[in-house]
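Colleague: give me a model of this one.
(one chain, ligands or ions: 1)
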Amino acid sequence: MAHQFPALTAEQKKELSEIAQRIVANGKGILAADESVGTMGNRLQRINVENTEENRRQFREILFSVDNSISQSIGGVILFHETLYQKDSQGKLFRNILKEKGIVVGIKLDQGTAPLAGTNKETTIQGLDGLSQRCAQYKKDGVDFGKWRAVLRIDKQCPSPLAIQENANALARYASICQQNGLVPIVEPEVIPDGDHDLEHCQYVTEKVLATVYKALNDHHVYLEGTLLKPNMVTAGHACTKKYTPQQVAMATVTALHRTVPAAVPGICFLSGGMSEEDATLNLNAINLCPLPKPWKLSFSYGRALQASALAAWGGKAANKKATQEAFVKRAMVNCQAAQGKYIPMGSSSAASTQSLFTANYTY
Ligand SMILES: O=P(O)(O)OC[C@@]1(O)O[C@H](CO)[C@@H](O)[C@@H]1O
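Modeller: Numbers count the residues shown, from 1 in each chain. Below is the predicted model of the structure:
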């Protein structure tokens, strides 16, 4: 029997699935430029630049004003609220600059972590109150997708069944509210890489988390064809002494996804989670070459791994605009190749691109 109380009309579903497919078409991925003011402050501190609104605006203007060919590798950009309403130096809204390049505009919707009392320092994510009104306004302002990041940690008794269930439910509730307002929800349950656990343990936890997330999405009547998943790759903990090849990471990652993510999901866009730029690209390429069934597009939604060498090249100086743009375009291009399993590393990599971008306890 068909559902008696359909959540979405056929037109709403069509719009959502078309947006989701556009974002990940032909090896395209997402630039996650949605760092909150505090997170951007950490990034700017690394290059000795003060965390002012004007400095954040200037860096983003440099990224968004690259030439139109960027739309061959970037299908969507996630913005933070402040950036959505910022303009370039000619007075043009960033969101219009992106849209004119054919790039879909997204927005960070979660509002940070809150402690789950009685657990080993686990958290849930805030932002559900008033979310529908925020989504409706963002849709009017040209936004077509949202992002909500839940954080799960591997440790003694972690992630607990409570943390997994609570975060999955919040993600599903967020996804349902997004879809009601015409936004494609990016569902991001990140198992962070802190700890000394091995690859197998991360795979086990990632499978438990994803299985719970997809049960919750189904319970909330979320239309999977109009969603994108943003998971961690399955990797060993940052402090694990055993090292794994990109092929091992790829096999563990695709196995976990294959066991838990329905084929109806059009795209899986990985976060970079503190990997170096080059590792994030090599792992994505290996994932796309992994000889297991892969019914979804497997692409990227990188923050640090798309911006680290650009930030280093910029150093807060307008005179470095060209070098900054070249660094960003290069990472976007190689990740687009990797999203099609076509990346061939050439020559030696720059120091910035091989540097670990790990931040301990990266909760927000
Ligand atoms: O792990 P990465 O690729 O650097 O960033 C992934 C990400 O979800 O985490 C950040 C913090 O919320 C966001 O800026 C970004 O979208």
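
Colleague: can you confirm whether stretch 80-100 lies near the ligand?
Modeller: No. Against the ligand, stretch 80-100 shows no contacts by C-beta under 6 Å from any ligand atom, the least distance being 7.9 Å. For every residue, glycine as well, the C-beta is placed using N, CA and C.

Colleague: quick check: residue 240 touching residue 193?
Modeller: No. Residue 240 is beyond contact range of residue 193, at 9.2 Å (criterion: C-beta atoms under 8 Å).

Colleague: who has more neighbours out of those two?
Modeller: Taking neighbours as other C-beta atoms under 10 Å, residue 240 and residue 193 compare with residue 193 leading, 24 against 17.

Colleague: can you report phi and psi for residue 115?
Modeller: The phi and psi values for residue 115, taken as degrees, to the nearest 10, are phi -70, psi 150.

Colleague: restricting to C-alpha, output the strand or helix carrying residue 137 in PDB.
Modeller: Element membership for residue 137, per DSSP states H and E: helix 131-140. C-alpha atoms of helix 131-140 as PDB (Å, rounded to 0.1, in the frame of the first residue of the first chain):
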ATOM      1  CA  LEU A 131      15.200  25.300  11.400                       C
ATOM      2  CA  SER A 132      12.200  25.300   9.100                       C
ATOM      3  CA  GLN A 133      12.000  29.100   9.100                       C
ATOM      4  CA  ARG A 134      15.800  29.400   8.500                       C
ATOM      5  CA  CYS A 135      15.600  26.900   5.600                       C
ATOM      6  CA  ALA A 136      12.600  28.800   4.000                       C
ATOM      7  CA  GLN A 137      14.500  32.100   4.200                       C
ATOM      8  CA  TYR A 138      17.700  30.600   2.800                       C
ATOM      9  CA  LYS A 139      15.700  29.000  -0.100                       C
ATOM     10  CA  LYS A 140      14.400  32.500  -0.900                       C
END
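
Colleague: find the closest residue to the ligand in the stretch 151-300 of the chain.
Modeller: Nearest residue of the stretch 151-300 of the chain to the ligand, counting by C-beta to the nearest ligand atom: residue 272, 3.3 Å away.

Colleague: which pLDDT value belongs to that residue?
Modeller: For residue 272, the model assigns a pLDDT of 98.

Colleague: same question for the one 10 residues further on.
Modeller: In this model, residue 282 is scored at 98, pLDDT.

Colleague: equivalent analysis for residue 37, please.
Modeller: In this model, residue 37 is scored at 96, pLDDT.

Colleague: and residue 201, by the same measure?
Modeller: On pLDDT, residue 201 comes in at 98.

Colleague: residues contacting it?
Modeller: Residue 201 makes contact with 154, 237 under the criterion C-beta atoms under 8 Å, 6 or more residues apart in numbering.

Colleague: use 53 as the first number from now on
Modeller: Yep, numbering from 53; the last one is residue 253 now.

Colleague: SS state for the residue of the stretch 53-202 of the chain found nearest the ligand?
Modeller: The ligand sits closest to residue 84 of the stretch 53-202 of the chain, with a gap of 3.1 Å, by C-beta to the nearest ligand atom. Three-state assignment for residue 84 (DSSP: H, G, I helix; E, B strand; the rest coil): strand.

Colleague: can you tell me which residues contact the nearest residue to it once chain neighbours are set aside?
Modeller: Leaving out its chain neighbours, the residue that sits closest to residue 84 by C-beta to C-beta, 6 or more residues apart in numbering is residue 355, at 3.9 Å. Counting by C-beta under 8 Å, 6+ apart, residue 355 makes contact with 84, 85, 86, 87, 323, 324.

Colleague: how does it look with 10 Å?
Modeller: 82-87, 91, 95, 130, 323-326, 409 (C-beta atoms under 10 Å, 6 or more residues apart in numbering).

Colleague: pull the helix or strand with minimum mean pLDDT from the chain.
Modeller: When the helices and strands of the chain are scored by mean pLDDT, DSSP states H and E, helix 403-406 comes last with a mean of 72.

Colleague: alpha carbons of stretch 332-343, as PDB, please.
Modeller: The C-alpha trace of stretch 332-343 is given here as PDB (Å, rounded to 0.1, in the frame of the first residue of the first chain):
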ATOM      1  CA  ALA A 332      42.700  12.900   0.500                       C
ATOM      2  CA  THR A 333      43.100  12.900  -3.300                       C
ATOM      3  CA  LEU A 334      44.900   9.500  -3.400                       C
ATOM      4  CA  ASN A 335      42.400   7.800  -1.100                       C
ATOM      5  CA  LEU A 336      39.500   9.200  -3.200                       C
ATOM      6  CA  ASN A 337      41.100   7.900  -6.400                       C
ATOM      7  CA  ALA A 338      41.600   4.400  -4.800                       C
ATOM      8  CA  ILE A 339      38.000   4.400  -3.600                       C
ATOM      9  CA  ASN A 340      36.800   5.000  -7.200                       C
ATOM     10  CA  LEU A 341      39.000   2.200  -8.400                       C
ATOM     11  CA  CYS A 342      37.900  -0.300  -5.700                       C
ATOM     12  CA  PRO A 343      36.600  -3.400  -7.300                       C
END
